[in-house]
Structure formats: C-alpha cells, structure tokens
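Enquirer: Requesting a structural model of the entry that follows:
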Amino acid sequence: MPVHPEPTIITTADQVKFIDTPASFRQVREVPEYRFDDIRRDDIVVDIGANVGAFALRAAKLSCHVVAVEPICTEILRENIRLNRAAVRVIEGALGDGSPSDIAWDDCHRALPTCTLGMIIRIAGGCDFLKCDCEGAEWLIDPCDLAGVRRIEMELHIPPICGPPDMRLLDAISREYDWEIVQEPCHGPLGVLGILHARRRT
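Expert: Just a heads-up that it's a prediction; the model follows:
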C-alpha cells in the first residue's frame, strides 16, 4: 500500500493555515492591502476573487456568513477552508456580465459562465461587506447592485490587465460612500490603479 506524505502546511503570523500545494498559478496567502477589522459578526461578507482564501479565511474569524467566489483556485480554496475549519461557502464562478467568458489567472484558463454582482448577492443571500479583486471585471458592476452594501474593499485595475475603466462605477460610489483609493506598496504600478476603501454614508 503506497504511503502518501503529509501535506506541508504554512501557518501565517495571524494563525491562518494554508496547504502548500504546487500549482501553475500564484497562491495569495497575505492580504495586507485590505482593511476589514470593521466586519460585523452578522455581516454577509462576499469575497469575489477569493484565490486560495487569504481574505475569506480571515473574514470568517469575524463573521459567520462568508461567501468566497473563485473560478480558478477552488480546489485549494476548499482544502484551506477545511484545514482552518472555517465557515466559508464557495461559489465556483466569476464576476462578469452574465455571459460566458475565458477566465485566466497566470497560466490557468477556464471557460465558464459569469455572474453579475446582483446574481452573486442573490446566491449569497445578501451582501454587507464586499471584497473584490477580479482583474478588471469590477468595471462590469452595475452600481444599482451595490444597494445595501455597507463596505467595499476593491482592487481597481487599468490597462494592460483590462480595458479602460468605466468611471460610472466610481461616480456612483462617490455619491453614496466616503472613499479613497490607495496605491499600496505590495502592488506594482502595472495594471493596478489602487485599492478602493469605501464606507456607505449613514
């Protein structure tokens, strides 16, 4: 009977565990660019572009209702959720306009249907806190779908990662939220406008 070696586990300084699995895509384990210490216990947190769970696993320490949306890294994401015994629900999919699309992350490509933000929120049962990192698909968000979202943490992309930004999204956010865009040191300037931190005005 073959003996399978125990998988190597990486534990971060804040005690989040990740399986160290070789893959042809980057596995993001730290997310210092995002602010999320104001997640409430009853918040529905939606993490779009969850990768292997760096944000979702940390959010699950604060909220009982975390939904991770991921098209490429879902197998490793689910392993990391089990490893951390985290209450995170996975949606295998991608943000888009609802039509099929070729989704790419490094050397991995998958053709699959996309979901609008409104569709994702309906599947999740709502959204109080939205984290979004989806390589340019954020510009496809219909601002009307942000109704009810209290907090947004979103990486904003520019060419060459995606087409030109649709500023209607930022115009809509500026009317309803207090916000800023910060270029964090962990990101190079190529293709990244910055991280949007937004809090709905009360």
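
Enquirer: just checking, what packs against the longest helix anywhere in the chain?
Expert: Secondary structure assigned by DSSP state H gives helix 74-84 as the longest helix of the chain. Packed against helix 74-84 by the contact rule (3 or more Cβ pairs under 8 Å, 6 or more residues apart in numbering; DSSP states H and E) you find strand 17-19, helix 54-59, strand 88-91. Every residue, glycine included, has its C-beta placed from N, CA and C.

Enquirer: can you put those in JSON lines and add mean pLDDT?
Expert: Formatted as JSON lines, the helices and strands packed on helix 74-84 follow (pLDDT from 0 to 100):
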{"stretch": "strand 17-19", "mean pLDDT": "98"}
{"stretch": "helix 54-59", "mean pLDDT": "98"}
{"stretch": "strand 88-91", "mean pLDDT": "98"}
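
Enquirer: of all these, which lies closest to residue 156?
Expert: Nearest to residue 156 among those is helix 54-59; the distance by Cβ to Cβ comes to 16.0 Å.

Enquirer: For the closest residue to residue 111 other than its chain neighbours, which three-state class applies?
Expert: Excluding the flanking residues, the one nearest residue 111 by Cβ to Cβ, 6 or more residues apart in numbering is residue 102, at 5.3 Å. Assigned state for residue 102: strand (three-state reduction, DSSP: H, G, I helix; E, B strand; the rest coil).

Enquirer: what's the spacing between residue 102 and residue 13?
Expert: 37 Å (Cβ to Cβ, to the nearest Å).

Enquirer: what's the answer for residue 44, then?
Expert: Using Cβ to Cβ, residue 44 is found at 28 Å from residue 13.

Enquirer: those strands in this structure, which residues are they?
Expert: Remark: strands assigned in the chain by DSSP state E are 9-11, 17-19, 44-48, 65-69, 88-91, 94-95, 100-105, 108-115, 129-132, 151-157, 177-182, 192-200.

Enquirer: tell me what the shortest one is packed against?
Expert: Strand 94-95 makes packing contacts with strand 108-115 when contacts are defined by 3+ Cβ pairs under 8 Å, 6+ apart.

Enquirer: before we move on, back to that, just the helices and strands packed on helix 74-84: most buried one?
Expert: Comparing those by mean neighbour count (mean count of other Cβ atoms under 10 Å), helix 54-59 ranks first with a mean of 26.

Enquirer: Reformat the strands of the chain as JSON lines; add distance to residue 56.
Expert: Converted to JSON lines, those look like this (distance: least, Cβ to Cβ, whole Å):
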{"stretch": "strand 9-11", "distance to residue 56": "16"}
{"stretch": "strand 17-19", "distance to residue 56": "12"}
{"stretch": "strand 44-48", "distance to residue 56": "4"}
{"stretch": "strand 65-69", "distance to residue 56": "4"}
{"stretch": "strand 88-91", "distance to residue 56": "5"}
{"stretch": "strand 94-95", "distance to residue 56": "15"}
{"stretch": "strand 100-105", "distance to residue 56": "16"}
{"stretch": "strand 108-115", "distance to residue 56": "17"}
{"stretch": "strand 129-132", "distance to residue 56": "8"}
{"stretch": "strand 151-157", "distance to residue 56": "12"}
{"stretch": "strand 177-182", "distance to residue 56": "21"}
{"stretch": "strand 192-200", "distance to residue 56": "17"}
